[in-house]
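**Student:** I'll drop the sequence and a predicted model, then ask my questions.
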Protein chains: 2
Amino acid sequence: MFDVQLFLESAGLGRKVDKFRAKQTVFSQGDPATNVMYIQEGGVKLTVVNETGKEAVVALLGPGDFFGEGCLAGQSICIATATAISLTTVLVIEKNEMTRVLHEQHELSDRFIAYMLSRNIRVEEDLVDQLFNSTEKRLARTLLLLARYGAQGHPQSVIPKVSQEMLAEMIGTTRTRVNFFMNKFKKLGFVRYNGEIHVNNSLLSVVLHD
Amino acid sequence: MFDVQLFLESAGLGRKVDKFRAKQTVFSQGDPATNVMYIQEGGVKLTVVNETGKEAVVALLGPGDFFGEGCLAGQSICIATATAISLTTVLVIEKNEMTRVLHEQHELSDRFIAYMLSRNIRVEEDLVDQLFNSTEKRLARTLLLLARYGAQGHPQSVIPKVSQEMLAEMIGTTRTRVNFFMNKFKKLGFVRYNGEIHVNNSLLSVVLHD
DNA sequence: TGCCCATTGTCCAATATAGGACAGTCCCTG
DNA sequence: CAGGGACTGTCCTATATTGGACAATGGGCA
């Protein structure tokens, strides 16, 4: 596996490293877009707010993911807010530098293309999910994805600290609705929770059948 | 502007050209994913159906757009159905060839990265729209985008032949609902239509204020 | 310990949406 | 010309969703 981090460093990029505490803002919607970020450790949440102040979570990213890449396509301002969700380390790469190295270095462009392809697939899946599934199914799917369902084939996984409010913002509904379905799932034995959420494989049945 | 088509041909790729009539299928959801397509002329619609047969339109593409690129990320089967929406010419590039040339040729990888970035931005916008806008706003936005609002700054644009059924699939709702809002927009003077749809700038007011 | 704050559980009324049914219109084609 | 097919216009009921309010819980901190 190609090591993006070592590569970026050896190419003279990413010498700038930033650290953020949980809940700290990396950049805000509306800021000038000048850098591409690469997550070394931790996690980042991308959110968008509309005119009325309503918030939507567009993506949750982890180590190995890029963000802020919109500037490479000519976006002059950030369309989302990036917030660290735990102690996070990012490499900061200036836009023009990134463009130059993407052009010159095959390894980086290959890796970046692979990243953009997978990211695109994920966002498209989210869109399709949104286009034809009910709130209940979307919640179930989101929980399963957060639990990295299928990664190890474990019958049960744990999601650390995601509030119902945030789940609501992720699937585009209200906390009331999330609460309603979480209790339903709990009654049916699909999930358990106190601080963490335990997701059982049986939750799949919600997503799968009609 | 870099000419992808000439480039692909001179690189020995895209010698295979396919033509499709309107409504003809380029590939179907579930087919083995083996080629990347590049649209020379015409237009293509990407749709996904769920278990219940409900259909969703994921994207409308035109000349200069790629599709079927999921195979480059390791997708073994097509997750969407691609249908020509008018007389369409596409270059067909075999997956491994595309991967090889993307690695070797800066011009192509630059262009492809630019394409993936812009496509990603668009899908993300669609997702955000879906996450926090009502059916009415989503319909208004979709009509404005179809009319390429702002492209020439014309106060009015024409959309050729898009049925209410298809609009419903694009914004994830029912035809009944689309019909309801189209009539509302018509009453308010935001649109006119008989076969084509005429979209007036004033439709923007629906998207803009709460 | 006691207060503050973030979160969850619950309830309710007002709306939005789905989904089906059916008539009317227009165009194409036999 | 008649019939069929693809759309649009309309109506109606059942359901899903919003949005607000308020109590209960539980942890962190002065």
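**Tutor:** It's in.
**Student:** where do the helices sit along chain A?
**Tutor:** A:4-10, A:95-104, A:106-132, A:135-146, A:164-171, A:175-187, A:204-208 (DSSP state H).
**Student:** Dump those to TSV, plus mean pLDDT.
**Tutor:** Rendered in TSV, the data for the helices of chain A read as follows (pLDDT from 0 to 100):
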stretch	mean pLDDT
helix A:4-10	75
helix A:95-104	93
helix A:106-132	94
helix A:135-146	93
helix A:164-171	94
helix A:175-187	95
helix A:204-208	87
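**Student:** quick one, what contacts the residue nearest to the spatial centre of chain A?
**Tutor:** Against the mean C-alpha coordinate of chain A, by Cα atoms, centre = their mean, the closest residue is residue A:60 at 1.6 Å. Contacts for residue A:60 were tallied using Cβ atoms under 8 Å, 6 or more residues apart in numbering or on different chains; they are A:43-46, A:85, A:146, A:170. For glycine as for every other residue, the C-beta is placed from the backbone atoms N, C-alpha and C.
**Student:** again with residue A:99
**Tutor:** By Cβ under 8 Å, 6+ apart, the contact set of residue A:99 is residue A:72.
**Student:** Quick check: it vs residue A:35, distance?
**Tutor:** The spacing between residue A:99 and residue A:35, counted by Cβ to Cβ, to the nearest Å, is 12 Å.
**Student:** Pretty sure residue A:175 sits against residue A:168.
**Tutor:** Yes: Residue A:175 is within contact range of residue A:168, at 4.6 Å (criterion: Cβ atoms under 8 Å).
**Student:** Please identify which of those two sits among more neighbours.
**Tutor:** Between residue A:175 and residue A:168, counted using other Cβ atoms under 10 Å in any protein chain shown, residue A:168 has the larger neighbour count: 21 against 15.
**Student:** doesn't residue A:180 make contact with the more buried one?
**Tutor:** No: under the criterion of Cβ under 8 Å, residue A:168 lies out of contact with residue A:180, with a separation of 10.9 Å.
**Student:** quick one: contacts for residue A:70?
**Tutor:** A:33, A:78-79, B:117, B:121.
**Student:** Highest neighbour count among these?
**Tutor:** Within the contacts of residue A:70, most neighbours by other Cβ under 10 Å means residue A:78, with 23 neighbours.
**Student:** near DNA strand C, which residues of chain A?
**Tutor:** If contacts are counted using Cβ under 7 Å from any atom of the strand, the residues of chain A sitting beside DNA strand C are A:163-165, A:175-176, A:179-180, A:182-183, A:186.
**Student:** Mind picking the two most distant members of the residues you listed?
**Tutor:** Within the residues of chain A next to DNA strand C, A:165 and A:186 form the most distant pair, 17.5 Å apart (Cβ to Cβ).
**Student:** Run a quick neighbour tally on residue A:106.
**Tutor:** Applying other Cβ under 10 Å, we find 14 other residues in the vicinity of residue A:106.
**Student:** now the one 4 residues further on
**Tutor:** Residue A:110 is flanked by 15 other residues according to other Cβ under 10 Å.
**Student:** ditto for residue A:122
**Tutor:** 13.
**Student:** The nearest residue to it once chain neighbours are set aside and DNA strand C: what is the separation?
**Tutor:** Leaving aside its chain neighbours, residue A:122 sits nearest to residue A:59 (7.7 Å; criterion: Cβ to Cβ, 6 or more residues apart in numbering or on different chains). From residue A:59 across to DNA strand C, the span is 19 Å (Cβ to the nearest atom of the strand, to the nearest Å).
**Student:** How is chain A partitioned into domains?
**Tutor:** The domain map for chain A lists A:4-123, A:134-208, with the assignment taken from automatic domain parsing.
**Student:** want to throw those into TSV with distance to residue B:132?
**Tutor:** As requested, these are exported to TSV (distance: least, Cβ to Cβ, whole Å):
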stretch	distance to residue B:132
domain A:4-123	5
domain A:134-208	6
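**Student:** Out of these, the one nearest residue B:28 is which?
**Tutor:** That would be domain A:4-123 among those, by Cβ to Cβ, at 18.0 Å.
**Student:** Do me a favour and get the end-to-end distance for that closest one?
**Tutor:** For domain A:4-123, the separation between the terminal residues is 23 Å (Cα to Cα, to the nearest Å).
**Student:** what's the offset of it from the middle of its chain?
**Tutor:** 11 Å (Cα atoms, centre = their mean, to the nearest Å).
**Student:** swap in stretch A:169-186?
**Tutor:** Between the centre of stretch A:169-186 and the centre of its host chain there is 19 Å, according to Cα atoms, centre = their mean.
**Student:** does it come close to DNA strand D?
**Tutor:** Yes: residues of stretch A:169-186 are located near DNA strand D by Cβ under 7 Å from any atom of the strand, namely A:172-174, A:176-177.
**Student:** Taking those residues together, which two end up most distant?
**Tutor:** With distance counted by Cβ to Cβ, no two of the residues of stretch A:169-186 next to DNA strand D lie farther apart than A:172 and A:176, which are 13.5 Å apart.
**Student:** what about those two, which has more around it?
**Tutor:** residue A:172 (20 against 9).
**Student:** Could you find the closest non-adjacent residue to residue A:28?
**Tutor:** Counting by Cβ to Cβ, 6+ apart, the residue nearest residue A:28 is residue A:81, at 4.9 Å.
**Student:** List the contacts of the one you found.
**Tutor:** For residue A:81, the contact set (Cβ under 8 Å, 6+ apart) comprises A:25, A:27-29, A:46-49.
**Student:** hang on, the earlier thing: show me what the residue nearest to the centre of chain A bridges to in the sheet.
**Tutor:** According to DSSP bridges, the residues that bridge with residue A:60 are residue A:45.
**Student:** my guess is residue A:5 meets residue A:89, correct?
**Tutor:** No: contact between residue A:5 and residue A:89 fails when scored by Cβ under 8 Å: they sit 10.0 Å apart.
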